[in-house]
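K.L.:
All I have is the shape, not the residue letters:
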């Protein structure tokens, strides 16, 4: 950490800061500049935050030098993490397709969708049973009943399943039905929930929050890992910006950068990122070109009767076309040898 | 709601949409324009969302006309809501000052602060026991122990208390100790938590999310109210923008607009909005000038030893000066007669 | 346009609005709803803006139905526009690579770069002579001298050239030296400059503003086209968001959507979008996968001596590798037949 | 400046960086940390930018310590700058009110408005003659004819005038008619225009750009001052955020912070910040409470016939009420002694 003193900081204030630094077992390096004095801290700052120093008299600002995440960092683990669910591998050589309806509406709907997306090439079945909805008057999902339908449909079609959990007290329940626990964007910093899924024995897919920085996203993953669950998949689903023509803005730079900073698999959700079915294919392809290792897509057998998010759902046949397009991009990316890619992108 | 058809929409698609609208008991009004056909919907759309129509073939977009919140709206209740906790009134003629440390660190710290902020003019004591922290390695609060200290300190100094609850399963516990339940910005759309505090018999202070629109904020209040708890206080605490010189950007327009749209009390948190103690006073004054009915401020007896957010904490004496400045502004605002203000600002 | 009346709007106010609408030669359609009355306007609204109606007593809001751009719209011209500069075609089947240094520093530097990027596969040479710099104390470019060097280097290497113009009075001068006039992001709404390049007889590359919506971007293109210059290329270069880990956020959804909304060619600038050389390749590939028809890249023979933006410049050999990667993606995109792509993405 | 090396940086890379630093006449201080090596630079970095170092092999990032602006800084001039136009003082003890229509539409309109706003208490007359409009088909202003009307109206009512200049080549023309040159938000980084008004002998009011940081805003002022024109007034007019309920978001924290960072006067424009006439009064009051030294307000004798921005214009009588409300706030702020305020807010 670098501490920048105020122009008017006194020698007594400098002394006080230096003594505090030493008291924490750190080594202070004072550099007297032309206009400002700065202090470099050497040692393990575990727990000490810039805001602590910014509260001290004479301090203008404190600038962290190191990223605050540890377990999620490539510094901790150089090789890509791979998450295996039955035959399905997330983070390996193949792009993983997660597909299904926004909300599970009935046994028929989810089963029909499961067979259809399986036939198109999806390997994981998604479907919401507990829905976080902006309005209390909107359809909130079928709850446990929905999870039962999802589990049945997944089994019937031979696919692992993923569904969102929104309440720490539901983690155990949801874990009984699904193969991957999803943390939604609105809950990315629901730390109680993160800790709880950190104790679960299921992989967790962590969506980036609407206005979360990449660092905050990795820190949220750190919460889960620090509780002992290392099976975390990151999902970029678009951030909130001033642009209103699309529902959100897919941040391909974040996908590329996350692939460099962390060993965890990174996937993308072009459905929520765009909110418009006609943009899902090009934006999904872009995510793969940027380094995404999977895409999660809303597919509904009849988008025009969907109880939620019909505007962004693909039909099964549109989804089948999407996979063809995505696989072409994936092939183009993969024809880089892994070594070349690493050399160029991870360093 | 207004449905705009695509340029190429066919007569059959138009018919299909019209029939669906009728099936939902609504009345369609078709307007054939020069370049586009639009359909106006008349009737109670309860539950029907724009995205449903946007998923239909031939539809370009669906534009809602009415705000989706009901109980929180001034349409539902014209007069300002008033929330009374013992002798303290939020939403009345007096500005309410909520003050205390970001985190409760010890019995001594919270008690010392309680007496100090009481003496300065605060009427509600704040202090965090369950802290939502970006890093799992940061101090997470004292938990129930902290709540005990807070309750003791509040009782000793004769002040009601407020503390954050971050897990639905803790609502009952926190309710036993504090007078007002706080929902933090990161949990504004933690719908399980909102429902849970909707069942509590304590007032709830709902902070606006970092990137929540005013409409989403009111919808979050609607969640709480729709469960039966009408004692909701809104708190604007700054939104996340591109600007990095301040921690967040206090949205005074949102304060002024919320005062018009809803009958619920609106307060502001200039500490989190700015992140810099030297900006807390002018920004707090601005909030009051915009219509805020209270301010929540971080006060720490020794900001330079605070375990979190020292940079934005005031000392008790700075806080005393702040109240003097705020009261001057409040007096200036109040010298408008209530009627004048309403005429000009609420309509 | 749809006009929504206030709940309390009177019959007299309604009458007044209806009469104004008729006076403008438009046809009003009044729909009396349960909670609000709305008026649909039919006819050519040329020049009439929502804000005009929003200033009238009794009006809550006015919602435009149609996009405000005309010449730039696919409604005006269905086929992709193609811009030809000598042998180089922008907007055709091939991805166009524009490369060169951020700033022209010397005859040697730009000439060396020209040969290098030409050898790597670039077809257009870029180089800044008039530099818009945040600080008045930063290097501002070589001015006309730089343009001479650029023209020489382009001629020597057999490449058309592009350079930025920042002052309306320089348009003629810059036009004498370069083949394409560049409008920078900070000048996207410099309407005097837009009009001036609208009179030039050279193609114009229009960068999207840092915080410009897609609609504003297309309206800026409309300014140029409405003056008679139809040779406009759009360039997405990243928007400003809350994320600070990358310089900007490349908006791939905007690329895909712009390809649908307008017939003008759309290219991307991954150098400014990311600000980090190690992200330029994956983000450039993502842009192509989303539908970009070209990429503009900063290439410097010695990035570590660049007078500006060294951090985001590629070396010539990194650029050569980038083209290989981009061409693979382009091949994957192109193996869609044009018809398939249009069917799926343009409709 | 602090340079942070990559984890893998070699001794040779470190040597190379150290030598470059020395070659620029600066003194390098190397601190070898546990996980990273950092180098502190001591000396006058004039012209040397972080991006130069970030382009060097082995460098992770370069962090500037000092603000890049000089002439605008309170470090350069401690006392508030005061700008005098005839009898009117901007930056002194009194709040300055600038009022008038968005666009000058006719001699009658601007003259009628001038008398009305003068009577209400305004001291400077505003009116747009060259209008930067998003659409080329919108009313673009009356040009020089409008300036004539404005000058006449100002003279008749005894008020200095302000109007926007959007083209460097018009600076001389506009200077002949008006007392203050306005630079609009969209031109805040139109550096050609900034340099040109830097040569004018009239005060300049510089609006903050829609997505400009406070630092970029001060750097834009620096452009004007570095050309020799020290009479610069800053105007906060709302920034662009994700919120759509208001036109922009007035950044009161920026007002308070700018008052600390710079000696230049700071005013606010609540009309453009909110876009809604019913929010102009509370938001204008908030700006004054935060430290604004003036407010610029759109006033139109008949907002419901305004050719632009009717929705945000006040009537003269609403404006008169606004001044009463603002003066009450100003009185409350001023009852702080200047010394107290400085002590608390400027340090």
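P.N.:
Cool, got the structure. The model shown is predicted, which means the values in this text are computed figures rather than measured ones.
K.L.:
Return the residues in contact with residue A:63.
P.N.:
Residues in contact with residue A:63 (C-beta atoms under 8 Å, 6 or more residues apart in numbering or on different chains) are A:1-4, A:50, D:2, D:63. For every residue, glycine as well, the C-beta is placed using N, CA and C.
K.L.:
Most neighbours among these, which one is it?
P.N.:
Most neighbours among those, by other C-beta atoms under 10 Å in any protein chain shown: residue A:3, with 25 neighbours.
K.L.:
Break chain A down into its domains, please.
P.N.:
Here the domain assignment for chain A is A:2-63, A:83-346, based on automatic domain parsing.
K.L.:
could you pull out the helices for the stretch 151-300 of chain A?
P.N.:
With DSSP state H, counting those that start in this stretch, the ranges of helices along the stretch 151-300 of chain A come out as A:171-177, A:191-198, A:214-226, A:252-261, A:270-274, A:277-290.
K.L.:
Break down chain A into its strands, ranges please.
P.N.:
Assigned by DSSP state E, chain A shows strands spanning A:2-5, A:27-32, A:37-42, A:59-63, A:83-85, A:88-90, A:96-100, A:124-126, A:161-164, A:180-183, A:204-207, A:232-236, A:266-268, A:294-298.
K.L.:
need the residues of the stretch 151-300 of chain A near chain B, please.
P.N.:
A:166-170, A:186-187, A:189-192, A:210-211, A:216, A:219, A:222-223, A:226-227, A:240, A:277 (C-beta under 8 Å from any C-beta of the partner chain).
K.L.:
Buried ones among those?
P.N.:
With neighbours counted using 16 or more other C-beta atoms under 10 Å in any protein chain shown, these contain these buried positions: A:166-168, A:170, A:186-187, A:189-192, A:210-211, A:216, A:219, A:222-223, A:226-227, A:240, A:277.
K.L.:
just those that are near chain D?
P.N.:
A:211, A:240.
K.L.:
thinking residue A:30 is in contact with residue A:17, fair?
P.N.:
No: using C-beta atoms under 8 Å, residue A:30 makes no contact with residue A:17, being 9.3 Å away.
K.L.:
How confident was the prediction at residue A:210?
P.N.:
Residue A:210 is assigned a pLDDT of 96 by the prediction.
K.L.:
Spit out the contact partners of the closest residue to it other than its chain neighbours.
P.N.:
Nearest-residue entry for residue A:210: residue A:240, 4.3 Å, with adjacent residues in sequence omitted and distances by C-beta to C-beta, 6 or more residues apart in numbering or on different chains. Residue A:240 makes contact with A:210-211, A:248-249, B:211, D:242 under the criterion C-beta under 8 Å, 6+ apart.
K.L.:
follow-up on the earlier one: export the helices of the stretch 151-300 of chain A to a markdown table and tack on distance to residue D:55 and mean pLDDT?
P.N.:
Shown next, in a markdown table, are these (distance: least, C-beta to C-beta, whole Å; pLDDT from 0 to 100):
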| stretch | distance to residue D:55 | mean pLDDT |
| --- | --- | --- |
| helix A:171-177 | 47 | 98 |
| helix A:191-198 | 38 | 97 |
| helix A:214-226 | 22 | 97 |
| helix A:252-261 | 18 | 97 |
| helix A:270-274 | 32 | 96 |
| helix A:277-290 | 23 | 97 |
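K.L.:
Show me the shaky parts of chain A.
P.N.:
Residue ranges of chain A with pLDDT under 70: A:46-47, A:307-308, A:336-347.
K.L.:
which helix in it runs the most residues?
P.N.:
helix A:316-334 (DSSP state H).
K.L.:
Quick one: residues in contact with it.
P.N.:
With C-beta under 8 Å, 6+ apart, helix A:316-334 has contacts from A:93-95, A:97, A:99, A:113, A:116-117, A:119-122, A:277, A:280-281, A:284-285, A:288-289, A:291, A:295, A:297, A:299, A:301, A:314, A:341, C:285, C:289, C:328-329, C:331-333, C:335-336, C:340, C:344.
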